[in-house]
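Colleague: Compute the structure for the input listed below.
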Amino acid sequence: MKKIKNFFILSLSVSNHKPYTYPEGRIEEDPKKKKRGHAVKYSDWALGDFFKKAKKEKFYKDTVFIIIADHGARVYGSQEIPIKSYEIPLLIIAPGVKPSLNNNLGSSTDIPSTIMDILNISYVSPFFGKSLLSGEKNRWVCLNHNRNVGYYDGKNLIVLGLNKNNYYYEEKEKSKIERIDFKKDNLDLIKKEKEAISLFQTAWEIYKKGIKN
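Modeller: Now for the predicted structure:
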């Protein structure tokens, strides 16, 4: 019997982007109408068809499948980083992973570490991500929108903009985040701002110098 070699595949779907095209004969809706809702329905059909076929392959029981978005349906808002537009789902299908809902704060940078955790592989890396299955409470995510970068810890958002223009937001309610005025005596915000700066500066140094471990 021919042994299946390990493989890694990354695929990006764009059917949920204009001009909303998809093949005929997959769903009932006419693709010539080029409607976004139809494209979303086709994406759902395509994922279902993919897993239906994948389950028939020998590699299925030994494969980790990750499905994730890059942002919400629309990215909009007056904030330098419209964080609510970047609330996205993450679906993990893998052997040994029982169905559950994980509400831990995380981002795409946490996916590699999560995969290594699922595979029970120890590693040394300069990668910043943390496994979403680790149970660690002190979590944060780094963000990027246009020319701004940000640091979000689940409550405070620090935005580092161009020309050293920094902005500060605090989540007052579960679905509402508001800008707050920075005060020099706010030691907590000063600390978080320094954490944000050090995070991106360290990442840049690692990238620029090509540090591998």
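
Colleague: Please enumerate the strands of the protein.
Modeller: 65-68, 90-93, 141-145, 148-152, 156-160, 166-173, 176-179 (DSSP state E).

Colleague: what helices or strands is the third one leaning on?
Modeller: Same thing as strand 141-145. Judged by 3 or more C-beta pairs under 8 Å, 6 or more residues apart in numbering; DSSP states H and E, the packing partners of strand 141-145 are strand 148-152, helix 187-209. (Glycine included, C-beta is placed from N, CA and C.)

Colleague: how does this protein divide up, domain by domain?
Modeller: What automatic domain parsing lists as the domains of the chain is 8-57, 64-209.

Colleague: Go through those domains and pick out the most buried.
Modeller: Of the domains of the chain, the one with the most neighbours on average (mean count of other C-beta atoms under 10 Å) is domain 64-209, at a mean of 14.

Colleague: From the chain's centre, how far out is it? Work that out for me.
Modeller: 8 Å (C-alpha atoms, centre = their mean, to the nearest Å).

Colleague: picking that back up, any chance of the domains of the chain in a markdown table, with mean pLDDT too?
Modeller: As requested, the domains of the chain are exported to a markdown table (pLDDT from 0 to 100):
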| stretch | mean pLDDT |
| --- | --- |
| domain 8-57 | 91 |
| domain 64-209 | 87 |
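
Colleague: Double-check P95 against F59; I have them as touching.
Modeller: No - the criterion here is C-beta atoms under 8 Å, and P95 misses it with F59 at 10.9 Å.

Colleague: Same list, the helices and strands packed on strand 141-145, but as JSON lines with distance to G72 please.
Modeller: As requested, the helices and strands packed on strand 141-145 are exported to JSON lines (distance: least, C-beta to C-beta, whole Å):
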{"stretch": "strand 148-152", "distance to G72": "15"}
{"stretch": "helix 187-209", "distance to G72": "23"}
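
Colleague: out of those, nearest to N138?
Modeller: Nearest of the helices and strands packed on strand 141-145 to N138, taken as C-beta to C-beta: helix 187-209 at 11.2 Å.

Colleague: got the angle between that closest one and strand 141-145?
Modeller: Between helix 187-209 and strand 141-145, the angle comes out at 70 degrees (axes from the mean of the first three to the mean of the last three C-alpha atoms, to 10 degrees).
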